[in-house]
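Participant: okay, predicted coordinates and the sequence, questions at the end:
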Amino acid sequence: MASRRRTVAVIVSIAVAVFATVWGQHRALAGSPAVVVTLTDQLTFRPSKVTISVGQAVEWRNDSVLVHTVTADPEVAAKASDVALPDGAKTFDSGNLKPKARFRHLFMVPGTYRYFCTPHEAADMVGEVIVTP
C-alpha cells in the first residue's frame, strides 16, 4: 500500500512538472515576444542580431512584399556558416512566410543561433539570436 502511494505521488509530481513546462512555453508563445525582427524588401533581417534570455521568444514579421523564411537547419543550408545551433538545440523553420505573416520561436537552450532565409541565402540574408542563461 505504501509503495503504491509513492508510485502515485511520483506520477502526479511528474505530471505537474510536465504541465508547468508546457504551460510556461504556451504562455511565452502566446504573450508578447522579447524581440521582434522584421524581414525586409532589402533582403535583411532587421535587426540582424538580437540577444534574449532562455525562455523568451523572438517573433519574425514579414514586412516585405517578398516571401521569406526563418530557417535554422544545417541540412538545407547552402553554406554551413549560415547556420549555428548550440548543443542540444533543435532546428527550426518557419516555412514560407508570405507578406504580413509572422513566425515565433521559443528559445530554451542558451547559446548562439545563426539562421537564414532559404530563398535569399545567396544574398546573405542571415541573422543571429544570442540566448543568455
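Facilitator: All right, it came through fine. Residues are numbered from 1 along each chain as shown.
Participant: now for the residue nearest to the spatial centre of the chain: which residues touch it?
Facilitator: Centroid-nearest residue in the chain, with Cα atoms, centre = their mean: residue 105, separated by 2.9 Å. The contact partners of residue 105, taken as Cβ atoms under 8 Å, 6 or more residues apart in numbering, are 57-58, 70, 92. Every C-beta, even on glycine, is put in place using the N, C-alpha and C of the backbone.
Participant: hmm, which two among those residues are most spread apart?
Facilitator: 57 and 70 (12.4 Å; Cβ to Cβ).
Participant: flag the shaky bits of the chain, pLDDT-wise.
Facilitator: In the predicted model, the chain carries pLDDT under 70 at residues 1-30.
Participant: and if we set it to 80?
Facilitator: Low-confidence segments of the chain (pLDDT under 80): 1-31.
Participant: now name the helix or strand holding the residue nearest to the centre of the chain.
Facilitator: Using DSSP states H and E, the element containing residue 105 is strand 102-106.
Participant: which parts of that strand are buried?
Facilitator: 103-106 (16 or more other Cβ atoms under 10 Å).
Participant: just put those in JSON lines and tack on distance to residue 115.
Facilitator: JSON lines is the format used below for the buried residues of strand 102-106 (distance: Cβ to Cβ, whole Å):
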{"residue": "103", "distance to residue 115": "11"}
{"residue": "104", "distance to residue 115": "13"}
{"residue": "105", "distance to residue 115": "9"}
{"residue": "106", "distance to residue 115": "14"}
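Participant: return the member of those nearest to residue 80.
Facilitator: Nearest member of these to residue 80, counting by Cβ to Cβ, is residue 105, at 20.9 Å.
Participant: how many neighbours does residue 47 have?
Facilitator: Counted with other Cβ atoms under 10 Å, the neighbours of residue 47 add up to 13.
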